[in-house]
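Asker: Generate coordinates for the sequence data below:
(one chain, ligands or ions: 1)
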Amino acid sequence: MSLRSTLALAEPTIAPGVYDALTASIAAEAGFKALYLTGAGIAYTKLGRPDIGLVSMMEVADTIAMIRDRVDVPLVVDADTGFGNALNVQRTVRLFERMGASAIQLEDQTTPKRCGHLTDKTVISAGEMVGKIKAALDARLSADTLIVARTDALAIEGMEAAIERAERYAEAGADVLFVEAPKSSEQLSVIAGRLASKRPLLANMVEGGSTPIHAAAELGTLGFKLVIFPGGIVRALAFAARAYYQSLAQAGSTKPFADRMLDFNGLNAMLGTADILANGARYAPTDAEAQA
Ligand SMILES: C[C@](O)(C(=O)O)[C@H](CC(=O)O)C(=O)O
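Answerer: All right, here's what the predicted structure looks like:
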């Protein structure tokens, strides 16, 4: 099912954060209808750094390509600010779409951006962002590749300005609207009340961030159609990794951790090792062909 059709369903779609082919394949196995390629997750895992605009366009493009080679679930891609001005946006959209993005998210922060849940953000003018959205729409090859417009203005200019920006981004043709970092259930309700009739709305659940965590079903009742949990996977893995390394350092062995790990066979089962080797064997030459 296309992402556009999925977002038209009554139930909200949950898109868990993924940052590589392994996390994407595990999430796909759990049955999600969409995945969210988190820019923060790439920064956290590949760079070991916070989400402050250090990740490059090509690093995201490579990640999309590796995920797309492994899973075919619709992929919403975080393109940050588009990595520059309207022309950079066009190059980003063309590249990410060809790599396999199903939706591309652009935000109205200045470059370099920072996580929407950090303080001291700054935004470009609404007019400049409208130009970037139009540039993105003109650059995409297919109208099935959705453009998600995110505004970070709520923390800087307040609710009314953020809603006005989102309305302007919808008028410019954005397919999905994302008002970043509401601080309460009341703010989530106001955003949904004002914008849900315009475009499908995205809600962003960041554990420990500015927005109280809500279940997808609750957000669906408010009017949100796409609920992302972008950084949860890295927070869960970082928690597990710290316990694992501390245990190994103390014990000098992985045995005490064995009940919290997949073993060799368990991981191979998850990776589909038997299937991919069987597929490879179909192309192996016979003994006679091997000698020819
Ligand atoms: C959605 C987001 O842009 C991301 O990179 O996934 C981040 C999430 C995070 O930092 O955990 C955001 O700015 O909200």
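
Asker: CA only for contacts and neighbour counts going forward, please
Answerer: Will do.

Asker: near the ligand, which residues of the stretch 101-250 of the chain?
Answerer: Cys115, Gly116, His117, Val206, Pro230, Gly231 (CA under 6 Å from any ligand atom).

Asker: Try it again at 8 Å.
Answerer: 114-118, 180-181, 204-207, 209, 228-232 (CA under 8 Å from any ligand atom).

Asker: just the buried members of those residues?
Answerer: 114-117, 180-181, 204-206, 209, 228-232 (16 or more other CA atoms under 10 Å).

Asker: Report all helices and strands that the lengthiest helix in the chain contacts.
Answerer: Criterion DSSP state H: the longest helix present in the chain is helix 232-251. Contact here means 3 or more CA pairs under 8 Å, 6 or more residues apart in numbering; DSSP states H and E; on that basis helix 232-251 packs against strand 13-18.

Asker: in the stretch 101-250 of the chain, which spans are strands?
Answerer: Secondary structure of the stretch 101-250 of the chain (DSSP state E, counting those that start in this stretch): strands at 103-107, 146-151, 176-179, 201-204, 226-229.

Asker: Asp80 and the ligand, how far apart?
Answerer: Asp80 sits 7 Å away from the ligand, going by CA to the nearest ligand atom, to the nearest Å.

Asker: Give me the local confidence score for that residue.
Answerer: Listed pLDDT for Asp80 reads 98.

Asker: Also the one 10 residues further on?
Answerer: The confidence metric pLDDT takes the value 98 at Gln90.

Asker: From Phe83, how far off is it?
Answerer: Counting by CA to CA, to the nearest Å, the gap from Gln90 to Phe83 is 10 Å.

Asker: What lies in contact with the helix or strand that contains Ala274?
Answerer: Taking DSSP states H and E as the criterion, Ala274 maps to helix 273-282. Here helix 273-282 makes contact (CA atoms under 8 Å, 6 or more residues apart in numbering) with Asn268.

Asker: before we move on, what about stretch 68-80?
Answerer: Outside of stretch 68-80, the residues within contact range by CA under 8 Å, 6+ apart are 2-3, 21, 24-25, 28, 32-39, 53, 57, 60, 64, 92, 96, 99-107, 113.

Asker: Just the buried residues out of these, in ChimeraX syntax.
Answerer: Buried residues among the contacts of stretch 68-80 (16+ other CA under 10 Å), as a ChimeraX selection:
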select :3,21,24,25,28,32,33,34,35,36,37,38,39,53,57,60,64,92,96,99,100,101,102,103,104,105,106,107,113
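
Asker: Identify those among the contacts of stretch 68-80 that sit within helices.
Answerer: Checked against DSSP H, the contacts of stretch 68-80 include these in helices: Leu3, Ala21, Ala24, Ser25, Ala28, Gly39, Met57, Val60, Ile64, Thr92, Phe96, Met99.

Asker: Give the next helix or strand downstream of the helix holding Ala274.
Answerer: Criterion used, DSSP H and E; the element after helix 273-282 is helix 287-291.

Asker: Wait, Ala21 touches Asp62, no?
Answerer: No - using CA atoms under 8 Å, Ala21 is not in contact with Asp62; the gap is 10.7 Å.

Asker: if we can go back for a sec, would you turn the strands of the stretch 101-250 of the chain into TSV with mean pLDDT?
Answerer: Formatted as TSV, these follow (pLDDT from 0 to 100):
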stretch	mean pLDDT
strand 103-107	98
strand 146-151	98
strand 176-179	98
strand 201-204	98
strand 226-229	98
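
Asker: Tell me which of the ones you listed sits nearest to Met129.
Answerer: Shortest distance between Met129 and those, using CA to CA, is found for strand 103-107: 7.9 Å.

Asker: Just checking: what are the partner strands of the closest one?
Answerer: Strands that pair with strand 103-107, judged by DSSP bridges, come out as strand 75-78 (parallel), strand 146-151 (parallel).

Asker: could you redo those strands as CSV and give each row mean neighbour count?
Answerer: Shown next, in CSV, are the strands paired with strand 103-107 (neighbours: other CA atoms under 10 Å):
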stretch, mean neighbour count
strand 75-78, 26
strand 146-151, 26
